[in-house]
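Undergrad: Next comes the sequence, and after it the predicted model I'd like to discuss.
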Amino acid sequence: MNALFGLTFTTPWLLWGLIALPALWILLRSVPPAPVVERFPAVALLLGLDDEDTTPARTPWWLLALRVLAIAAVIIGLSGPRIVPDAVSSGSNRLAVLVDASWASAQTWAPQKDVLENVLATARADGRAIALVDLSQSPSPALVKFDVPEVAISQSETIRPQSWKPDYAGWAAALDEFEEFDTVWLSDGIGDDLRDRLTSIVNAKGTLTVYQSSRQPVGLSAPRLDAGALIVRVLRTGGDGREDHIIEAVGPDPAGITRILGEQPVTFDPGVTSADVAIEMPTELRNRVTQLQIAGIPSAGAVVLSDSSLKRKRVGLYSPVADEEATNLIDPLHYLRNALVENSDTFEADLGPMIDAGPDVLILSDVAILPEADRTKLERWVADGGVLVRFAGPRLAAVESQVTDADPLLPVQIRAGGREVGGAMSWGSPKLLQAFPEGSPFFGLEVPDDVLVSSQILAQPDPQLSEKTWASLQDGTPLVTADRFGGGQIILFHVTANADWSNLPISILFVQMLERLSILAAASTSDAATLEGRLWTPENVLDGFGALQDGSAFSAVDGGRLASETSGPTLRPGIYTEGTQAVAFNAIPDDQILNAARFPVGTDVRSLAGGTITDFTSFFLTVAIIALFVDVFASLWLQGGILPRRFSQAAATVAALFVGTLGSLAEAQGVDPVYAANNTVLAYVITGDERQDRLSEAGLVGLSAELTRRTSIEPGRPVGVDLATDPLELFPFIYWPVTEGQRALPADTIARVNSFLRTGGMILFDTRDANLGRNASGDTANSRILQQIASGLAIPPLEPIPDDHVMTRAFYLIQDYPGRYFGARVWVEAAPPDAVRGEGMPFRNLNDGVSPVVLGGNDWAAAWAIDDNGSPMRPVGRGSAGDLQREFAYRFGVNLVMYVMTGNYKSDQVHVPALLQRLGN
Amino acid sequence: MNPIASQGLRLRADADALAAGFPSLMAAADRLATLATLGPHGRRRPGLGAEFWQYRMAEQTDGLRDIDWRRSARGDDRFVRQMELQIAQSLSIWVDQGASMNFVSEKSSETKAHRAEVLGLAAALLMVKSGERVGLLGDPDPPKIGISQVEKMAMSLASVDRDEEYAAPAKRDLQPGSHVVFFSDFLGDWPSIISALSNSASQRVNGILVQVLDPVEEEFPYSRRVIFESIGGGLSFETQQAGALRDRFLARMHARKQALRDLARNTGWQLLFHRTDQPALEALRWIFLAMEKKS
């Protein structure tokens, strides 16, 4: 092995090329730099002139050195320099290479792969027989075959990390059958007792070398819901040092695209091996979460899948009075529906079909007597794990105690008749709630002091009553009682579900209580009882790197195994389904702790970093390329000083371009007040919609060009203004296209715009939709946005432009105001109601004021817009009719700007006869 | 349109642009007695021409056919009808057809040949507009009047083959007293240049010499090892230290200019040194003034 400063070379013979370098030096030195050929007409005058100094120019030494360096770097680079650490102490024994290839290995798989390659290469060089053992496979002595290294090398290509932990016990037995071998173990870093046994066995057979990443493996254990937050435990081995991770909650967004819905950083303090993370998210989002993962850790152990226990509940609502034409507010289910709609799917049907549909929770409002068939069905459903919530009511209160006593679907025995407190016909006052007792699912909820109960049903006194009571009134009578029934639960609210008996249903507490109950109603699928005896089909399985794969290739497993076993080759982590139920099976079982792997004292434990090969090929080749580039420029510079000139030109060009770009950026960024003040400048509102902004600008450019051509108004180039920051007072006229993205203005911007309007500015609002697509109330989408925008602006009462408005004759005589569309009404400030038409005058006497806003939807900018060549950007109308329409659009623009500039000048013409008469006198 | 014609049209257009707005150039008649051809320039004196000038009393020497009988019939005296003397100037231009003219450096924007052609055609246009005759020195045809003549000249200039490295002015028979403008870099073989110019000078024409040079020819901004090649490729010169040659080259250039000055002084001609990075209009104005001064 050709070693040089720890460097080894894959093709060392190439290094002989370095010998040629001195020869190259001499050769390069004797060749003068190439002359520059210049065309020159006055050669005739040069002929006959001799050089005073005839020594040819030499290539300067530093350029030579640069070239030699480049060539040396190429030679060294091509000979494959790399630093290969001493892979494994050489020996002659046969070698067993154990690879954990578990989910924990996946976290550092790339370096492990390098180490494996390196170990195998070294063993091959030493000519040792190798058995490559993938511990994640099912243990079998048949898999341990000591053979020529080439076999192991080809096998090593196929090893992938798996999503489970190796079966160390099995492998300990399998490897125990062999004698006399050395071991190299690529460990994943997680230890347990079974692993220790394997360690001691291989340690007894020969020397043991362990490669293990210095990074501690991390994992997640199954999440649970607690008080509306997702709680997940993050685990690590060892506990050395501080470590920061981010836990991400991933799931489909409303559009169905999988994305990170929430994230929460977590920090391991030194010495801590597990940390609980609470990810608080709105229920709506939480229901979407399909998996939690540690950001940036590609490992099945760093991913936990969520099953139906984190999903939205399906809640069935049933009330026998639902069809009694009850109006909304006294409908017994109204408040329930509204309370539940946010975080569960509610549905209503007849009781029988509803139970068949398999809801998670069933809520019965004031049901006293059930038909026999429904009752048995309901009992079976509750016993199977259903949660039944019942609300009291007049019916329940009315039935005889004997009937209710016989009802197993009530948690307590009901005293017939109920009680009224604080009603119109009773003594006493409505009762407040007591704080929730410890052990109640409502414990911790704040009891508002305005929730009053005026009627309730009472429970028969019973020694167990207090245990069953989840909530009670201040006088100790129960408000909510509950009992288990088979696998399920029955909860009884002693009041009605509407506001008849109490105002509980209309308080926030009601929602909070239901939320707690909904969580309680989680399909507790991880219970052995629910799992056992059923055959669960893998729907998706995790691979070693934590990616979900289609699970249809794997056979269904018995639920008992899901409940009791840990993951393995035949029981892969993933989502298993049975019927409508889904259960997540994670790589790390609940309540597991990750321990660091232990090895006997004296074992050679190396880190992966020490085992990786560092390749310097690209480094040397990069050096060579850089040197050659420098050489190109240096030699050009040496040749006749032409380069600096061109170079500086190029640099100047680049700089000019850059500055130009910056300049145009700056131009786009804000208004140059000097320019705006020195010129008449039309302005448009920057909407943020780049297309529209370009169109607005082009439209105003077109209008400005027409104004310049036709009138004495000669505007400068239009500018875009940001209403919040730019000085608006510099502009006489602002074009404001309404786009979908615009929102109501902040208060200070409204003040600025109002001051602009008040001081004589004009805004042309353009909804650009020709009032097409109106909804029932006559609004279009853009006009609603305009309403939002304009809500704070000081806009006077508006009316459609009347026929005698100055706008119709400010420059051209026009009666229509088309843009890209035509026909939509255009609104201006309404004329004062007392305006009258003068005698013999065609117009009313509307002398004062310029409308501060003109409002329409004809998309004028599109009709005005011209490109750099002066040709229209957008089509208007069709054929010559379209040209005419564009012409009228321009005329409207001209009139509008004239109107802005000259105000009511044309309107003053009504006085001309009077003035003439006076002059005549 | 063939490329030569289009190039000719472009030249014409450039020259038009340059000549536009210039005051009409009225060439003065010099030594009119010796002029054989007449043009529409009234000299405010009786002579041969197409325009009526005056009636004068017939003298004994006048032939009967000279008497204007219509006028004479009105009275007792006999009158002779005299016409206004009219003359025409003629302008010949010569643009160097050597390959060396076909050169432009980075410091300039057009070739010396183009600049020379545009200046020549612009001068011709000015002359034509005031009714003079213009022509190319090399043309077999004599100078003619009319815009179409300028266009012909433009075509002819555009179709020149520059295969010679340097060119000397043609030796032609010239109309005595006519203007001849020579555009060249005058970098070629000096004896042949001087013999051609002497030939013209001996025909008593008003010569105007315009030396058109590129800025680099006057600055010589080269250094290090350079191979200089002539534009035609026929000549080349290699130097190891171009920078060291600068002074000696510039001295030679200066000597060449001095020789031109001497020539101009001896012949009474006028001389302009023009560089292609200078404005063309300036040069045209100078040529215009030079023609006016002389005539």
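TA: Happy to help now that I have it.

Undergrad: Spit out the contact partners of the closest residue to A:Ile153 other than its chain neighbours.
TA: Spatial nearest neighbour of A:Ile153, chain neighbours left out: A:Leu120 (5.1 Å); criterion: Cβ to Cβ, 6 or more residues apart in numbering or on different chains. In this view, the C-beta of every residue, glycine as well, is placed from N, C-alpha and C. By Cβ atoms under 8 Å, 6 or more residues apart in numbering or on different chains, the residues touching A:Leu120 are A:Val97, A:Ile130, A:Leu132, A:Pro149, A:Ala152, A:Ile153, A:Ser156.

Undergrad: Just the pLDDT at the residue nearest to the spatial centre of chain B, thanks.
TA: For chain B, the residue nearest the mean C-alpha position is B:Val181 (2.6 Å; Cα atoms, centre = their mean). On pLDDT, B:Val181 comes in at 88.

Undergrad: Check the gap between it and A:Gln787 for me.
TA: To A:Gln787, B:Val181 is 78 Å away according to Cβ to Cβ, to the nearest Å.

Undergrad: circling back to that earlier point, element containing the residue nearest to the centre of chain B, please.
TA: For B:Val181, the host element (DSSP states H and E) is strand B:179-184.

Undergrad: And for that strand, what's in contact with it?
TA: B:27, B:89-96, B:98, B:101, B:116-117, B:119-120, B:123, B:137, B:167, B:169, B:174, B:193, B:197, B:200, B:205-212, B:287, B:291, B:294-295.

Undergrad: what does stretch A:883-902 give?
TA: Contacts of stretch A:883-902 (Cβ under 8 Å, 6+ apart): A:680, A:682, A:702-703, A:706-707, A:710-711, A:713, A:715, A:732-733, A:762, A:764, A:806-812, A:814, A:816-820, A:822, A:850, A:854, A:858, A:860, A:863-864, A:872, A:876-877.

Undergrad: Would you list the buried entries among those residues?
TA: By neighbour count, with 16 or more other Cβ atoms under 10 Å in any protein chain shown, the contacts of stretch A:883-902 hold A:680, A:682, A:702-703, A:706-707, A:713, A:715, A:732-733, A:762, A:764, A:806-811, A:814, A:817-820, A:822, A:850, A:854, A:858, A:860, A:863-864, A:872, A:876-877 as buried.

Undergrad: Just the ones of these in strands?
TA: Residues of these located in strands (DSSP state E): A:Phe733, A:Met762, A:Leu764, A:Val854.

Undergrad: need the contact list for B:Leu91.
TA: B:27, B:123-124, B:127, B:132-135, B:143, B:178-181, B:291.

Undergrad: residue of chain A with the smallest distance to chain B?
TA: Proximity of chain A to chain B (Cβ to the nearest Cβ) peaks at A:Pro41, 3.8 Å away.

Undergrad: quick one: the residue in chain B positioned nearest to chain A from B:Tyr222, how far?
TA: With Cβ to the nearest Cβ, the shortest gap between chain B and chain A falls at B:Ser100, namely 3.8 Å. Taking Cβ to Cβ as the measure, B:Ser100 falls 17 Å from B:Tyr222.

Undergrad: the more surrounded of the two?
TA: Counted by other Cβ atoms under 10 Å in any protein chain shown, B:Ser100 and B:Tyr222 do not tie: B:Ser100 has more neighbours, with 30 against 22.

Undergrad: doesn't B:Ile231 make contact with the more buried one?
TA: Yes - between B:Ser100 and B:Ile231 there is a contact at 5.4 Å, judged by Cβ atoms under 8 Å.

Undergrad: Distance check, the residue nearest to A:Ile153 against A:Val184.
TA: Distance from A:Leu120 to A:Val184, by Cβ to Cβ: 9 Å.

Undergrad: So which of the contacts of strand B:179-184 are in strands?
TA: Short answer: the contacts of strand B:179-184 in strands (DSSP E) are B:90-95, B:206-212.

Undergrad: Now, the contacts of stretch A:883-902 that are in helices?
TA: Mapping these onto helices (DSSP state H) picks out A:Gly702, A:Leu703, A:Glu706, A:Leu707, A:Arg710, A:Trp860, A:Ala863, A:Trp864.

Undergrad: In contact with the second one: list those residues for me.
TA: In other words, A:Leu703. Contacts of A:Leu703 by Cβ under 8 Å, 6+ apart are A:Leu682, A:Pro715, A:Trp864, A:Tyr890, A:Gly893, A:Val894, A:Val897.

Undergrad: Same check on the first one?
TA: A:Gly702 sits next to A:Trp864, A:Ala865, A:Ile866, A:Pro872, A:Tyr890 when contact means Cβ under 8 Å, 6+ apart.

Undergrad: what's the answer for the fourth one, then?
TA: The neighbourhood of A:Leu707, defined by Cβ under 8 Å, 6+ apart, consists of A:Ile713, A:Glu714, A:Pro715, A:Gly893, A:Val894, A:Val897.

Undergrad: Surely the fourth one is within a helix?
TA: What it means is A:Gly893. Yes - counting by DSSP: H, G, I helix; E, B strand; the rest coil, A:Gly893 falls inside a helix.

Undergrad: Who are the packing partners of whichever strand or helix holds B:Ala251?
TA: Under the criterion of DSSP H and E, B:Ala251 resides in helix B:242-267. Helix B:242-267 sits against helix A:43-46, helix B:190-201, strand B:206-213, helix B:215-219, strand B:270-275, with contacts defined as 3 or more Cβ pairs under 8 Å, 6 or more residues apart in numbering or on different chains; DSSP states H and E.

Undergrad: Name the residues of that helix that come out as buried.
TA: B:Ala242, B:Leu245, B:Arg248, B:Phe249, B:Arg252, B:Met253, B:Arg256, B:Lys257, B:Leu260, B:Leu263, B:Ala264, B:Thr267.

Undergrad: Off-centre distance for it?
TA: Put simply, helix B:242-267 sits 23 Å off its chain's centre (Cα atoms, centre = their mean, to the nearest Å).

Undergrad: now stretch B:109-116
TA: With Cα atoms, centre = their mean, you get 16 Å for stretch B:109-116.

Undergrad: residues making contact with it?
TA: A:41, B:11, B:14, B:95-96, B:100-104, B:162, B:183-185, B:210, B:212-214, B:274, B:276-277, B:280.

Undergrad: residue contacts, the closest residue to A:Val202 other than its chain neighbours?
TA: Ranked by Cβ to Cβ, 6+ apart and with sequence neighbours excluded, the top spatial neighbour of A:Val202 is A:Thr183, at 4.3 Å. By Cβ under 8 Å, 6+ apart, the contact set of A:Thr183 is A:Leu95, A:Ala96, A:Val97, A:Leu98, A:Val202, A:Asn203, A:Lys205, A:Gly206, A:Thr207, A:Leu208, A:Thr209.

Undergrad: Go again with 6 Å.
TA: By Cβ atoms under 6 Å, 6 or more residues apart in numbering or on different chains, the contact list for A:Thr183 reads A:Ala96, A:Val202, A:Leu208.

Undergrad: Report the contact partners of the last one.
TA: Going back to what we said before, that points to A:Leu208. A:Thr183, A:Val202, A:Thr603.

Undergrad: burial count for the last one?
TA: Right, A:Thr603. For A:Thr603, using other Cβ under 10 Å, the count is 15.

Undergrad: Which single one of the contacts of A:Leu120 is nearest to A:Val511?
TA: Among these, A:Ser156 lies closest to A:Val511 (Cβ to Cβ), at 58.9 Å.

Undergrad: roughly how far apart are the closest one and A:Ser502?
TA: Distance, A:Ser156 to A:Ser502, using Cβ to Cβ: 72 Å.

Undergrad: When these two are compared, which one has more neighbours?
TA: More crowded of A:Ser156 and A:Ser502, by other Cβ under 10 Å: A:Ser502, with 25 against 19.

Undergrad: nearest spatial neighbour of the more buried one, skipping sequence neighbours?
TA: A:Val453 (4.0 Å).
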